[in-house]
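Asker: This is a predicted model, with the sequence first.
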Amino acid sequence: MEKQKLPNSTLILVFGILSIVTCCCYGVLGLIFGVIAIVMAKKATAVYLENPEIYSGFQNVKTGKILAIIGIVLSAIYLLINIYFYATIGMDGIQEMQEEMMREYGM
């Protein structure tokens, strides 16, 4: 009997990668992709554990889940840093910092 590919295993891996790649988008996109990947991985793990002998691709699910956790942590840290800067410095202070960096690096 040929093994079936575990549903959404590749998509979970892709969302895990996207959660890390998009963690610098103010932390929001990385959180969204990471949470979706975690929820999908939980469902795929439950399906796999019912009949592990008929499914393949569980390694993608495990890897995607690990990447999603890393992406969620990085996104949460970046989001908290942004909230801290907006709360302490404000939008005007951030714009002044950006202008100063542009002048310093000659852009």
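Answerer: Now that the structure is in, tell me what you want to look at. All figures in this text were calculated on a predicted structure; none of them were measured in a lab. Residues are numbered from 1 along each chain as shown.
Asker: Give the residue spans of this structure that score low on pLDDT.
Answerer: By pLDDT under 70, the low-scoring segments of the chain are 1, 107.
Asker: which stretches of it form strands?
Answerer: Secondary structure of the chain by DSSP state E: the strands cover 4-5, 55-56.
Asker: out of those strands, which comes closest to Met97?
Answerer: Nearest to Met97 among the strands of the chain is strand 4-5; the distance by Cβ to Cβ comes to 48.8 Å. For glycine as for every other residue, the C-beta is placed from the backbone atoms N, C-alpha and C.
Asker: Partner strands of that closest one and their direction?
Answerer: strand 55-56 (parallel) (DSSP bridges).
Asker: could you redo the strands of the chain as TSV and give each row distance to Ile69 and mean neighbour count?
Answerer: Formatted as TSV, the strands of the chain follow (distance: least, Cβ to Cβ, whole Å; neighbours: other Cβ atoms under 10 Å):
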stretch	distance to Ile69	mean neighbour count
strand 4-5	23	11
strand 55-56	22	17
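Asker: okay, those in JSON lines with distance to Ala37 next?
Answerer: Conversion of the strands of the chain to JSON lines gives the following (distance: least, Cβ to Cβ, whole Å):
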{"stretch": "strand 4-5", "distance to Ala37": "17"}
{"stretch": "strand 55-56", "distance to Ala37": "18"}
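Asker: With respect to Gly90, which of those strands lies nearest?
Answerer: Gly90 lies closest to strand 4-5 among the strands of the chain, at 50.7 Å (Cβ to Cβ).
Asker: which residues touch the residue most central in space within the chain?
Answerer: Nearest to the geometric centre of the chain sits Ser19, at 1.8 Å (Cα atoms, centre = their mean). By Cβ atoms under 8 Å, 6 or more residues apart in numbering, the residues touching Ser19 are Gly30, Leu31, Phe33, Gly34, Ala37, Leu67, Ala68, Ile70, Gly71, Ile72, Ser75.
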